[in-house]
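>>> sequence unavailable; structure follows:
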């Protein structure tokens, strides 16, 4: 006999935990399907924004020490530029925890009190007016089906749930690769209280470094297709030459993953179809300065609330979800909006203030560096779209929903 | 500023031994409604942000039934959440699992004493129902929340403010004695003279120390209202005038209602012609507000050279057109006198302030800090919403009730009067997510922590603020008392502690 539940969530992520929390509180029978065995590894800097920390505490309680990396807090973000200028910004409201995603995600999932099926892969779904039939498979077992009223895809940038709805979606957007290697430290002058990021076109689209559990991370991000080890070697050499970062050769536990960086810049989110909602990074929420987890948590919670609300008011869930998610879209896309960055502090660390603290000449140099870095993204043709969105936000007060899938 | 480590959205109770508990109650003659269609209607409160489903609902019938329920709940460790009108905004009357006790089943007026001017009523009654019943005998309650679908029991547990609270105090201070079912199921009558410690804790106690099943309240002869409005363009000046008026005790009703911080209305009203005449001949001339026409001209002049603010001007105009007739409806007016203010205000509140989300964070301070609290809260509103409204009112304190005010909405440093301001966004068709509204509330509450104020809405999702605002010592003291009174910690368990 096919088991029947209220909601199936795919992926045991923070977005899933937030959605599950709302659904379980409202008394809905909820199952989380997770491909890997829990607690599962997750590639992430673990840098959390103040809003994300607040969400975790308000919804799941005090953060236990075992879900944190060393150093267990992060003061903010430090930007570095080819001109060798550096700019450090503290988070508003003080340091935030440095999450160990493997344990943090598992802890949040447990705190949601949802039923979890780990080592269970989502295979496919089909939906009619009233239900969704989900096909999944337990590792080493046969595939089975679950009948559910709603599905939430909280399964990350390469979301299989999203692919089941829009098979060509991932081919239509630029995908990036981010990879990190871990090094024993010989000498590292980079302040371990900060997350360090480089606005340097030669280093790649996303270059970062920070301390974790006694080692230094050297991370690189670039368009899919280039070679990880070459890029990494180049960056590590640059750190050594320019910043005096002396590291031992990388340990063997390096790692990498695909990222759908882009949709939140140009307001091309994807929120699902019919009774299937897409949330978290799968829907395109991704951000800088520790905002990734924060928008995953909040969008996940909104997905959960939307289902409860849709059931309560007998409304179509997509309509409810798209109305509610607009505020999160506004917040996330504002963080890429040059007008907002210049005039209204959309981030949770004070970039304009740090910039204004520099001498006028340095400010100009730094802005020139940023401009050279931004040109790296020219091939994606986002510039005009971002400019148009900025004007739209200024004149209409909001971003259009027409481009959402 | 950092939030102390506290989970403010409680985890759902997981239902251990629920079936045994229900069976036990059934044997004792207490019915628990468990179907989703029966429990689903209680899923949220007026705030509309906290969503929680109880395992079962008990409709209150009498103190004995509630006593049986509480004894069983202690034994089986099942949480019990009480609910009257469900007008909480932070999920305080939402049950995250366990039993939801719907007090509206106990809503009869038991006895009206027109000589002693007291009424004995069941506590699940709504204020408008009580007002209607008293009106038959030419009587009225002293003060009640403007939103009259609040229950008497719920209001006594949190405070309750009215536009005459600057004269009569908060609703909770009208209570002379209460019948309370304690968390362990004892039925106790308490007052200032009898079981006074329990009385102190239950009044303004956020439902932590007992369930109010009956209340004896002070009442007064009914009087129609003589209203006057004065208009201001400065919050500071208007509040200064309000503080002076309250201190002079020349008015029977005072309060401030605003449209944004642009059109600020000071409302004053009187119970008698003599009081009105005294005011008109004296205090009135010292007020710095304008009349309606004078203010309209002034406002028009100030908007005329600020075209970027015309959208706001249109909003003010539209709101004035819609709201003002409803505050003086022809069928409730006889000349200058307003009859049935309960019906008029309650209707206007639902029509013009009501929404699916009643998000109304507030700050309660002493008179000295009040202007700063309102101005800083106003800046938060400006930042978050294009349209909003403020409501400010004074609360006369009773010196002999100082013990009642500990760990309550009444700030500990207030003497004579406390002042409250509610900050309410107007959505204007725009949908806001729960977090957007929550971050707005958090910012208002942060102002409270910075200034050392208290809050009227003091529980549920914002319980993390209680220790920050009132300090650990007083919270620990009350937590200890709670643990003694409610060993299984099951009554309204996630509201304060």
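Looks like it came in fine. Keep in mind that what you see is a predicted model, and the values were worked out from it rather than measured.
>>> run a quick neighbour tally on residue B:308.
As a burial measure, residue B:308 scores 7 neighbours (other CB atoms under 10 Å in any protein chain shown). In this view, the C-beta of every residue, glycine as well, is placed from N, C-alpha and C.
>>> oh sorry, the question was meant for residue B:497
19.
>>> same check, this time on residue A:111
Using other CB under 10 Å, residue A:111 has 18 neighbouring residues.
>>> element containing it, please.
helix A:101-112 (DSSP states H and E).
>>> what lies in contact with that helix?
With contacts defined as CB atoms under 8 Å, 6 or more residues apart in numbering or on different chains, helix A:101-112 is touched by A:12-14, A:16-18, A:20-21, A:24, A:32, A:38-44, A:46, A:56, A:59-61, A:63-64, A:66-68, A:116, B:11.
>>> give me the subset of these lying in strands.
If you go by DSSP state E, those have A:32, A:68, A:116 in strands.
>>> taking the stretch 51-200 of chain B, what residue is nearest to chain A?
Residue nearest to chain A within the stretch 51-200 of chain B (CB to the nearest CB): residue B:53, separated by 2.8 Å.
>>> got the contact list for the closest residue to residue B:433 other than its chain neighbours?
Spatial nearest neighbour of residue B:433, excluding adjacent residues (CB to CB, 6 or more residues apart in numbering or on different chains): residue A:327 at 4.4 Å. Applying CB under 8 Å, 6+ apart to residue A:327 gives the contacts B:431-433, B:435-436.
>>> show me just the buried residues among the residues you listed.
Among the contacts of residue A:327, those classed as buried by 16 or more other CB atoms under 10 Å in any protein chain shown are B:432-433, B:435-436.
>>> with pLDDT added, can I get those in CSV?
Shown next, in CSV, are the buried ones among the contacts of residue A:327 (pLDDT from 0 to 100):
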residue, pLDDT
B:432, 82
B:433, 79
B:435, 80
B:436, 82
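>>> check those residues and tell me the two furthest apart.
Greatest spatial distance in the buried ones among the contacts of residue A:327: B:432 and B:435, 8.9 Å, computed using CB to CB.
>>> ok so the residue nearest to residue B:433 is a helix residue?
Yes. Assessed with DSSP: H, G, I helix; E, B strand; the rest coil, residue A:327 lies in a helix.
>>> distance of it from residue A:344?
Separation of residue A:327 from residue A:344 (CB to CB, to the nearest Å): 15 Å.
>>> close to chain B, is whichever strand or helix holds residue A:299?
Element membership for residue A:299 (DSSP H and E) is helix A:292-313. Yes. Remark: helix A:292-313 sits within contact range of chain B at A:298, A:301-302, A:305, A:308-309, A:312, by CB under 8 Å from any CB of the partner chain.
>>> a markdown table for those residues, including pLDDT and neighbour count?
Below are the residues of helix A:292-313 next to chain B laid out as a markdown table (pLDDT from 0 to 100; neighbours: other CB atoms under 10 Å in any protein chain shown):
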| residue | pLDDT | neighbour count |
| --- | --- | --- |
| A:298 | 92 | 31 |
| A:301 | 94 | 27 |
| A:302 | 94 | 30 |
| A:305 | 92 | 25 |
| A:308 | 92 | 24 |
| A:309 | 88 | 24 |
| A:312 | 84 | 16 |
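>>> need the helix or strand of the chain with the lowest average pLDDT.
Using chain A here. Least confident helix or strand of chain A, by mean pLDDT, DSSP states H and E, is helix A:338-343 with a mean of 71.
>>> looking at chain B here, not the other one
Using mean pLDDT, DSSP H and E, the weakest-scoring helix or strand in chain B turns out to be helix B:464-470, at a mean of 79.
>>> list the helices and strands that one packs on?
Helix B:464-470 sits against helix B:434-451, with contacts defined as 3 or more CB pairs under 8 Å, 6 or more residues apart in numbering or on different chains; DSSP states H and E.
>>> just the buried residues of the helix it packs on, please?
Those would be B:434-449, B:451, for helix B:434-451 by 16+ other CB under 10 Å.
>>> hang on, the earlier thing: against which helices or strands is the helix holding residue A:299 packed?
helix A:14-25, helix A:50-60, strand A:143-153, strand A:276-278, helix A:317-334, helix B:434-451.
>>> how about a markdown table for these, with distance to residue A:196 added?
Putting the helices and strands packed on helix A:292-313 into a markdown table (distance: least, CB to CB, whole Å) gives the following:
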| stretch | distance to residue A:196 |
| --- | --- |
| helix A:14-25 | 23 |
| helix A:50-60 | 19 |
| strand A:143-153 | 33 |
| strand A:276-278 | 32 |
| helix A:317-334 | 23 |
| helix B:434-451 | 28 |
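>>> can you tell me the element residue A:179 falls in?
Element membership of residue A:179, judged by DSSP H and E, is strand A:176-187.
>>> partner strands of that strand and their direction?
As defined by DSSP bridges, the strand partners of strand A:176-187 come to strand A:215-223 (antiparallel), strand A:246-250 (antiparallel), strand A:255-259 (antiparallel).
>>> turn the ones you listed into JSON lines, columns for mean neighbour count and mean pLDDT.
JSON lines is the format used below for the strands paired with strand A:176-187 (neighbours: other CB atoms under 10 Å in any protein chain shown; pLDDT from 0 to 100):
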{"stretch": "strand A:215-223", "mean neighbour count": "22", "mean pLDDT": "85"}
{"stretch": "strand A:246-250", "mean neighbour count": "15", "mean pLDDT": "85"}
{"stretch": "strand A:255-259", "mean neighbour count": "16", "mean pLDDT": "76"}
